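**Q** Any chance you can model this:
(one chain, ligands or ions: 2)
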Amino acid sequence: MQTQIVNADARESIKQAADVIRGGGLVAFPTETVYGLGADATNKAAVAKIFVAKNRPAFDPLIVHVANTEILPSVVSAIPGAAQSLIDAFWPGPLTLVLRKAAEIPGIVTAGLHTVAVRMPQNDSALALIKEAGVPIAAPSANSFGYPSPTRVEHVIADLGGKIDFILDGGVTRVGVESTVLDLTCSPPSILRPGGVSRESLARMLGKVSVSSAEEGRILKSPGQMKQHYAPRAKVLLFGGKHREKVIQTMRERIAELKKGSRIGIMVPEEELTHFTDADGIVLGLGSFATMEQVARELFATMRTLDSRGDNYIFALAPPKEGIGLAVFDRLFKASGSQLIEVD
Ligand code: TXA
Ligand code: MG
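**A** Residues are numbered from 1 along each chain as shown. Ligands and ions are numbered 1, 2, ... in the order given. All right, here's what the predicted structure looks like:
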């Protein structure tokens, strides 16, 4: 299949992309978090193509993207008060709400669940596309299943070029990690996947919020909670602990042991770069932990860069689990196969 790649800013491109969606095809488009791979959410055959292109298992439900709240009654069966307050506060933005689904949404979108995940992205091209298509758009991240999400058009082309109809090139995505998935069908509401909207800001609005994650051994409610996810081919070794110097020291020791027979990539914040040299492996700064938004923005691209070098190991330092740091930690933790190396 020939994949057409066009500039997301041009009005004409949006029209073409909307025609593809209405015709039952697949369009990759930028959002504020990561690129999405979209299809008409009301068209079963079109949605089925998403699972094939991504090599995604059918049990993993998709997020439905909307451009206005008027369309919500055809996506969800009811909007509880808490949902309305969250919509008013955070949409458009990186917050996905899990609510009871409307009959119009086919089961293939929700993997047979009675709930549906819905969000309004904060990206002009994405909103223009959804409006122009005139239908809600079902879209997972536009990567091959299990691989780090795409934050640049090159990532989409690498994973899905030749497998989808159309790509809207919108440059680098602003947030860099996916949306927060919040389940509002339980009490208290539960974060199924930490993301662009922080736990703290949700707690301020809702009072109590729980964080459900594979780490805590809870039941798998969201496949985003699978133990190994967002994983590059290299083995990710994630180090954490209270005393930064000790953690760094342990990382250096492990690097010294492993570097003889293997290629090593090192992903640390700028403030720790001086502890590592080119002789250890390739060292890439992720921005500073003091500006975690920047770390989030660069995370997946950095993982992909190291992986494309054919590194055997990627060493990473765990960030504090505050604000968007929780989402960064979550992605690194899953990339490591849920194994944090804790240094006392
Ligand atoms: O930022 C994002 O959320 C991006 C952009 C493209 O919008 N999308 C994205 O989609 O990350 P995806 O498919 O890669 O991740 C969606 C997550 C998965 O972990 C899925 O299991 C969960 O949302 N999910 C979807 N529907 C659900 C439902 N009804 N109940 C529980 N979890 C659900
Ligand atoms: Mg994904």
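**Q** Give me the distance between Ala296 and Ile14.
**A** 27 Å (Cβ to Cβ, to the nearest Å). Every C-beta, even on glycine, is put in place using the N, C-alpha and C of the backbone.
**Q** so what's the closest residue to Arg304 other than its chain neighbours scoring on pLDDT?
**A** Leaving aside its chain neighbours, Arg304 sits nearest to Pro148 (5.7 Å; criterion: Cβ to Cβ, 6 or more residues apart in numbering). The model reports Pro148 with a pLDDT of 93.
**Q** Sticking with Pro148, tell me its helix or strand.
**A** Secondary structure assignment for Pro148, by DSSP states H and E: no helix or strand.
**Q** What of Ser85?
**A** helix 81-90.
**Q** quick one: the helices in the protein?
**A** Per DSSP state H, the chain carries helices over the ranges 11-22, 44-54, 81-90, 107-110, 124-133, 153-160, 199-206, 244-258, 292-308, 325-335.
**Q** Now do the buried residues in the longest one.
**A** Yep, that's helix 292-308 we're talking about. Buried positions in helix 292-308, judged by neighbour count with 16 or more other Cβ atoms under 10 Å: 292-307.
**Q** same deal with the fifth one?
**A** For helix 124-133, burial by neighbour count (16+ other Cβ under 10 Å) applies to Ser125, Ala126, Leu127, Ala128, Leu129, Ile130, Glu132, Ala133.
**Q** And for the shortest one?
**A** Within helix 107-110, the residues that qualify as buried by neighbour count (16+ other Cβ under 10 Å) are Ile108, Val109, Thr110.
**Q** filter those residues by proximity to ligand 1?
**A** Restricting these to those adjacent to ligand 1 (criterion: Cβ under 6 Å from any ligand atom) gives Thr110.
**Q** quick revisit: kindly reformat the helices of the chain as JSON lines containing mean pLDDT.
**A** Output for these, formatted as JSON lines (pLDDT from 0 to 100):
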{"stretch": "helix 11-22", "mean pLDDT": "98"}
{"stretch": "helix 44-54", "mean pLDDT": "98"}
{"stretch": "helix 81-90", "mean pLDDT": "97"}
{"stretch": "helix 107-110", "mean pLDDT": "98"}
{"stretch": "helix 124-133", "mean pLDDT": "98"}
{"stretch": "helix 153-160", "mean pLDDT": "98"}
{"stretch": "helix 199-206", "mean pLDDT": "97"}
{"stretch": "helix 244-258", "mean pLDDT": "96"}
{"stretch": "helix 292-308", "mean pLDDT": "95"}
{"stretch": "helix 325-335", "mean pLDDT": "96"}
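**Q** Just say which of those helices is most tucked in.
**A** Looking across those with neighbours counted as mean count of other Cβ atoms under 10 Å, the highest average goes to helix 325-335: a mean of 24.
**Q** tell me which strands and helices that one is in contact with?
**A** strand 235-240, helix 292-308, strand 313-317 (3 or more Cβ pairs under 8 Å, 6 or more residues apart in numbering; DSSP states H and E).
**Q** let's see 7 Å
**A** For helix 325-335, the elements it packs on are strand 235-240, helix 292-308, judged by 3 or more Cβ pairs under 7 Å, 6 or more residues apart in numbering; DSSP states H and E.
**Q** Nearest to ligand 1, out of the ones you listed?
**A** Nearest to ligand 1 among the helices and strands packed on helix 325-335 is helix 292-308; the distance by Cβ to the nearest ligand atom comes to 11.2 Å.
**Q** got the angle between the helix holding Ser85 and helix 199-206?
**A** 130 degrees (axes from the mean of the first three to the mean of the last three Cα atoms, to 10 degrees).
**Q** which residues sit against helix 81-90?
**A** Identification of contacts with helix 81-90 by Cβ atoms under 7 Å, 6 or more residues apart in numbering yields Thr69, Leu95, Leu97, Leu99, Leu184, Pro189, Val197, Met205, Leu206.
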